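**Q** Structure here, sequence nowhere to be found:
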């Protein structure tokens, strides 16, 4: 039984820089009789430590360390006197991106589907990172593409969006295109590019395609492709042991894929191409953000277009290490894609499903999204 305290000491110790403006001061929204504390107006993506003490003069002990949600609040069960200590995030979450928290997750075919033989479940640790909440849209692509070409970048494929609509996902881009575009996006935003053509990170990757050796500087703060491990952690949205970002079955109200209910027990259909946003015919992409987001606030982590990842395709997971793995060696020369697309069956949209392709391929079922380190 909880001890009821008629009056509480509330201490708010604020670290400089936690709040974006003086007008956004922290607020103790509520403290209910069952001991639930809610504190609001904190910085999204930061962390808060809730401490407790048995008396006003007693020593303080940590009770919880919580990540501040997108609604700028934290909620915790508090037994006695308490205070909230705000700790600034290394970087505020950039506009259009979501914070994917650090942690260990089980990567791979955790559901045990017999047709996935290259995804043995493995515990993988991934550091926190930011990810685009949406696939790169055609409008976003063309804006950076125009800048890139004016700055001497040679992007081989100009990219396409169905009916040239700005809110459609860009497609028909190869792996090298996406990497060079990510560098240009970084420079345009005043960030340090991630990709180089030398191991010393002195020559920014602006030109070249098939056969070019690309090095990534993960210490840089610019935009880049996710590693395969980062992509799967983000796709699962904080869930574990599920086929899809939301559960074990899929319907065309949840993602853009080609329904085939007779082939897969977990496909609830309907059959054929998805009607959501597919006006204008082939290719049957849907506007970005047409379906509900996953638990991390990410859209289209299943279906619409496949997404390029950094890694060369290989097995098993955890290469060269189970902490922030960056993938196998070049092997057969294929890069990893994830997520399924508008023309694939539900099976390809599973979180654990791995697809690989020569990085020079630019098809109308292939797009991407970017991540950034903290």
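**A** Perfect, I can see it now. This one's a predicted model, so the numbers in the text were calculated from it and none came from an experiment. Numbers count the residues shown, from 1 in each chain.
**Q** ok, which stretches of the stretch 101-250 of the chain are strands?
**A** Using DSSP state E, counting those that start in this stretch, the strands of the stretch 101-250 of the chain run over residues 103-107, 122-126, 129-132, 195-196, 215-216.
**Q** what do you get for the stretch 251-374 of the chain?
**A** 306-312, 335-338, 355-357, 366-367, 371-373.
**Q** can you tell me which of these comes nearest to residue 105?
**A** Nearest of the strands of the stretch 251-374 of the chain to residue 105, taken as C-beta to C-beta: strand 335-338 at 14.8 Å. (C-beta placed from N, C-alpha, C; glycine too.)
**Q** Paired strands for the closest one, with orientation please.
**A** With DSSP bridges as the test, strand 335-338 is paired with strand 306-312 (antiparallel), strand 355-357 (antiparallel).
**Q** about what we covered before: I'd like the strands of the stretch 251-374 of the chain as TSV, with distance to residue 176 appended.
**A** As requested, the strands of the stretch 251-374 of the chain are exported to TSV (distance: least, C-beta to C-beta, whole Å):
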stretch	distance to residue 176
strand 306-312	10
strand 335-338	10
strand 355-357	12
strand 366-367	13
strand 371-373	18
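**Q** if we compare those, which one ends up closest to residue 68?
**A** Ranking the strands of the stretch 251-374 of the chain by distance to residue 68, with C-beta to C-beta as the measure, places strand 371-373 first at 18.6 Å.
**Q** Show me what the closest one is packed up against.
**A** strand 129-132 (3 or more C-beta pairs under 8 Å, 6 or more residues apart in numbering; DSSP states H and E).
**Q** Tell me who's in contact with the residue nearest the centre of the chain.
**A** In the chain, the C-alpha nearest the mean C-alpha coordinate belongs to residue 131, at 3.9 Å (C-alpha atoms, centre = their mean). Residue 131 makes contact with 97, 98, 100, 226, 230, 234, 296, 298, 369, 370, 371 under the criterion C-beta atoms under 8 Å, 6 or more residues apart in numbering.
**Q** what residues are up against the fourth one?
**A** In this structure, residue 226 makes contact with 129, 131, 234, 307, 309, 310, 369, 370, 371, judged by C-beta under 8 Å, 6+ apart.
**Q** still on that earlier bit, ok, so of the contacts of residue 131, who is nearest residue 164?
**A** Taking C-beta to C-beta as the measure, residue 369 is the one of the contacts of residue 131 closest to residue 164, at 20.1 Å.
**Q** Residue 235 and residue 131, how far apart?
**A** 10 Å (C-beta to C-beta, to the nearest Å).
**Q** Common neighbours of these two, please.
**A** Common contact partners of residue 235 and residue 131 (C-beta under 8 Å, 6+ apart): residue 298.
**Q** Just give the number of residues close to residue 358.
**A** Number of residues near residue 358 (other C-beta atoms under 10 Å) recorded here: 12.
**Q** So it is in contact with residue 330, correct?
**A** No: if you go by C-beta atoms under 8 Å, residue 358 and residue 330 don't touch, sitting 11.3 Å apart.
**Q** ok so, going back, could you save the strands paired with strand 335-338 as a markdown table and add columns showing distance to residue 151 and mean pLDDT?
**A** Shown next, in a markdown table, are those (distance: least, C-beta to C-beta, whole Å; pLDDT from 0 to 100):
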| stretch | distance to residue 151 | mean pLDDT |
| --- | --- | --- |
| strand 306-312 | 22 | 98 |
| strand 355-357 | 28 | 97 |
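**Q** any idea which of the ones you listed is most buried?
**A** Greatest average neighbour count among the strands paired with strand 335-338 goes to strand 306-312 (a mean of 25), per mean count of other C-beta atoms under 10 Å.
**Q** now it, how far from the chain's geometric center?
**A** 13 Å (C-alpha atoms, centre = their mean, to the nearest Å).
**Q** Then stretch 363-374?
**A** In this view, stretch 363-374 has its centroid 10 Å away from the chain centroid, taken as C-alpha atoms, centre = their mean.
**Q** cool, stretch 205-222 as well?
**A** Taking C-alpha atoms, centre = their mean, the mean C-alpha location of stretch 205-222 is offset from the chain mean by 21 Å.
**Q** Over it, what's the mean pLDDT, rounded is fine.
**A** The average pLDDT within stretch 205-222 is 96.
**Q** again, but for stretch 287-298
**A** Averaged over stretch 287-298, pLDDT sits at 97.
**Q** That one: which residues count as buried?
**A** 287, 288, 289, 290, 291, 293, 294, 296, 298 (16 or more other C-beta atoms under 10 Å).
**Q** quick one: contacts for the fifth one?
**A** By C-beta under 8 Å, 6+ apart, the contact set of residue 291 is 253, 254, 255, 256, 276, 299, 300, 303.
**Q** what do you get for residue 310?
**A** Residue 310 is in contact with 216, 224, 225, 226, 227, 228, 326, 327, 335, 336, counting by C-beta under 8 Å, 6+ apart.
**Q** So which of those residues belong to helices?
**A** By the criterion of DSSP state H, membership of the contacts of residue 310 in helices covers residue 228.
**Q** Beta-bridge partners for the residue nearest to residue 107 when sequence neighbours are not counted, please?
**A** Nearest residue to residue 107, sequence neighbours excluded (C-beta to C-beta, 6 or more residues apart in numbering): residue 124, at 4.5 Å. Going by DSSP bridges, residue 124 is paired in beta bridges with residue 105.
**Q** right, and residue 124 touches residue 318 too?
**A** Yes: using C-beta under 8 Å, residue 124 makes contact with residue 318 at a distance of 6.3 Å.
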